[in-house]
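Asks: coordinates only, no sequence provided:
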């Protein structure tokens, strides 16, 4: 596996792959890799001739007072994981390589970025879309792999690719969970033992509400109320938001006039435990032949 730190090195590697007729599979990450990232690498490896991973803690998607300085960084361990997954190249650039002092351009996706996490993290998604667009342009055409846990990010990146006609296929992969249901996240490492145990309220609440939808509940307000109450039953959980939205447009379904749940529905939550902010989601497709759950 080649470990490179410059844009020119990545372009040289992917350029050779493209000339050889290989599909480039790309997994963009912020490092502190875990089994969720491994699943993305495995998917890329099974479908692509050349597989690359980026490890870059992107400062432009962190707001004032957020955890940029304390975000976990473990490049040596990340390299070992990438090698174990037969990754061909790892791109680990310094901030100065991705964002030189002269950079003045940002990418903004309107409509999808002002809701959910965008309400409390202004500018966050501009940082995400800008760095992802740069990474896509550096790698060239191919397939990029993202986890469904970051459902809003996935929707935003897909819209950006569509709007800018980028030659990238965005591939979504299932959320990978711990044995107790907690979605894998690099931020889980920041939880104390007590907070880690308390955080399991998130997957339990999502699962129970999904069961109610499968049993016939169709009121978006009732679904949101149940989910909120279940999360609030954990004393140290600080609920930031609970939303029931259209999975494609991220439009809230808790609105007037009230309509029964139908189509592709996303349950999305953000909850803090101490200083750690966790997000999670589940989706359900409600059609005539009954609900189909993705958890």
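Replies: Arrived safely. Just so you know, these numbers come straight off a predicted model, no measurement behind them.
Asks: off-centre distance for stretch 228-240?
Replies: Chain-centre distance of stretch 228-240: 22 Å, with CA atoms, centre = their mean, to the nearest Å.
Asks: again, but for stretch 227-236
Replies: So, by CA atoms, centre = their mean, the centroid of stretch 227-236 is 23 Å from its chain's centroid.
Asks: how long is it end to end?
Replies: 16 Å (CA to CA, to the nearest Å).
Asks: can you list contacts of that stretch?
Replies: 194-195, 198, 201-202, 204-206, 208-209, 237, 239, 242, 244, 267, 269, 271, 273-274 (CB atoms under 8 Å, 6 or more residues apart in numbering). The C-beta positions use only the backbone N, C-alpha and C, and glycine is treated the same way.
Asks: do the same with stretch 208-224
Replies: 226-227, 230, 242-244, 253-254, 258-262, 265, 267, 282, 284, 286, 290-291, 293, 295.
Asks: can you flag the buried ones in those?
Replies: Buried subset of the contacts of stretch 208-224 (neighbour count, 16 or more other CB atoms under 10 Å): 226-227, 230, 242-244, 253-254, 261, 265, 267, 282, 284, 286, 291, 295.
Asks: helices of this structure, start to end?
Replies: Assigned by DSSP state H, the chain shows helices spanning 7-19, 35-47, 75-84, 95-98, 117-120, 124-139, 151-164, 193-198, 201-214, 220-232.
Asks: residue 131 is in contact with residue 56, correct?
Replies: Yes: assessed by CB atoms under 8 Å, residue 56 is found in contact with residue 131 at 7.1 Å.
Asks: what do those two both touch?
Replies: Common neighbours of residue 56 and residue 131 (CB under 8 Å, 6+ apart) are 28, 98.
Asks: what's the pLDDT at the closest residue to residue 2 other than its chain neighbours?
Replies: Nearest residue to residue 2, sequence neighbours excluded (CB to CB, 6 or more residues apart in numbering): residue 89, at 4.6 Å. pLDDT recorded at residue 89 is 98.
Asks: check whether residue 89 really touches residue 13, as I assumed.
Replies: Yes: counting by CB under 8 Å, residue 89 touches residue 13, with 5.2 Å between them.
Asks: who touches both of those two?
Replies: What both residue 89 and residue 13 touch, as defined by CB under 8 Å, 6+ apart, is the set 2, 4, 50, 52.
Asks: the first one: neighbour count?
Replies: With neighbours defined by other CB atoms under 10 Å, the count for residue 2 comes to 13.
Asks: go on, the third one?
Replies: When counting by other CB under 10 Å, one arrives at 21 neighbours for residue 50.
Asks: which ones are touching the closest residue to it other than its chain neighbours?
Replies: Closest residue to residue 50 apart from its sequence neighbours, by CB to CB, 6+ apart: residue 17 at 3.7 Å. By CB under 8 Å, 6+ apart, the contact set of residue 17 is 24, 49-50.
Asks: can we see that at 10 Å?
Replies: Applying CB atoms under 10 Å, 6 or more residues apart in numbering, one finds that residue 17 lies in contact with 23-25, 48-52, 88-89, 139-140, 142.
Asks: which ones are touching residue 268?
Replies: 115-117, 151-152, 206, 227, 241-245, 247, 250, 279-283 are the contacts of residue 268 under CB under 10 Å, 6+ apart.
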